[in-house]
Every structure is written in C-alpha cells, then in structure tokens.
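Novice: give me a model of this one.
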Amino acid sequence: MKRKNLPYKIQCNVYDNNSGADMSVRVRCNRCNEIATIQDSVEDSAEFKTLYCTCNNHECGHAFVTHLTFSHTLSPSALDFTTEMMGKLRQMNRQQQRELFASLT
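Specialist: Below is the predicted model of the structure:
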C-alpha cells in the first residue's frame, strides 16, 4: 500500500523585535507532522526560495526540499510611491483609497 503524501506545512511566526522574541519560519514534515529544521536555503529569486529540511523526529528522519514563495500583496508598500503620490493618498479616505487600488488591478 503506497503512503499518501501530505502537503508540507509552513508556519510563519513573526514576532515583534522590540519584545526580544525570535522571528522564525517553521516547516512541518509531511510524513509525521513534526517540526523540521531548515538546514540550508537557496534564494532562487526575490519571490522564490528553496528550503532544504530534515525532520526533527528521530524515528522519522525524513530529509526533504520545500519551497517558500511570494503569493500576492495585501497592502502596497509605501516604497512604491513617490512623496507626492503618498501626500495625495493620505488626503483620501479609506473608501477612496480602496476604490483607487481596485481600479488598478
């Protein structure tokens, strides 16, 4: 009987640097669901990273590769706008801003 491959689970836990908490990305093994260690990574592009992982469950020992990718923007970066454009955006209310961004997509 062939074992069904479960999807890899990637947890992104980002903590406030001011609190002193650690920032981390956690990958779970798709065989036993335990947390895996990212042994190495290769940044293939600004939006795609290859992660080389090993399962922390010694009884499992699964070594695998998974990918971390950029999906889409929820809110545009302020770095994408000129100072003049930012000033105009700040003068708009939230509804006007939403309508403007919706018309751009």
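
Novice: what's around residue 28, how many residues?
Specialist: 20 (other CB atoms under 10 Å). Placement of C-beta: from N, CA and C, glycine included.

Novice: can you check the one 10 residues further on too?
Specialist: Counted with other CB under 10 Å, the burial measure for residue 38 works out to 17 neighbours.

Novice: let me know the secondary structure of it.
Specialist: Following DSSP: H, G, I helix; E, B strand; the rest coil, residue 38 is assigned to strand.

Novice: that one and residue 66: what is the separation?
Specialist: Distance of residue 38 to residue 66, given as CB to CB, to the nearest Å: 9 Å.

Novice: now swap in residue 83 and tell me
Specialist: Residue 83 sits 40 Å away from residue 66, going by CB to CB.

Novice: for the chain, which segments count as strands?
Specialist: Counting by DSSP state E, the chain has these strands, from start to end: 9-13, 24-28, 35-45, 48-55, 63-69.

Novice: ok, of those strands, where does mean pLDDT dip lowest?
Specialist: Of all the strands of the chain, mean pLDDT reaches its minimum on strand 9-13 (a mean of 52).

Novice: got the domain ranges for the chain?
Specialist: Domain assignment for the chain by automatic domain parsing gives 9-69, 72-105.

Novice: what's the most buried one of those?
Specialist: domain 9-69 (a mean of 13; mean count of other CB atoms under 10 Å).

Novice: quick one on the thing from earlier: what residues do residue 38 and residue 66 have in common as contacts?
Specialist: In terms of CB atoms under 8 Å, 6 or more residues apart in numbering, residue 38 and residue 66 are both contacted by the residues 27, 51, 53.
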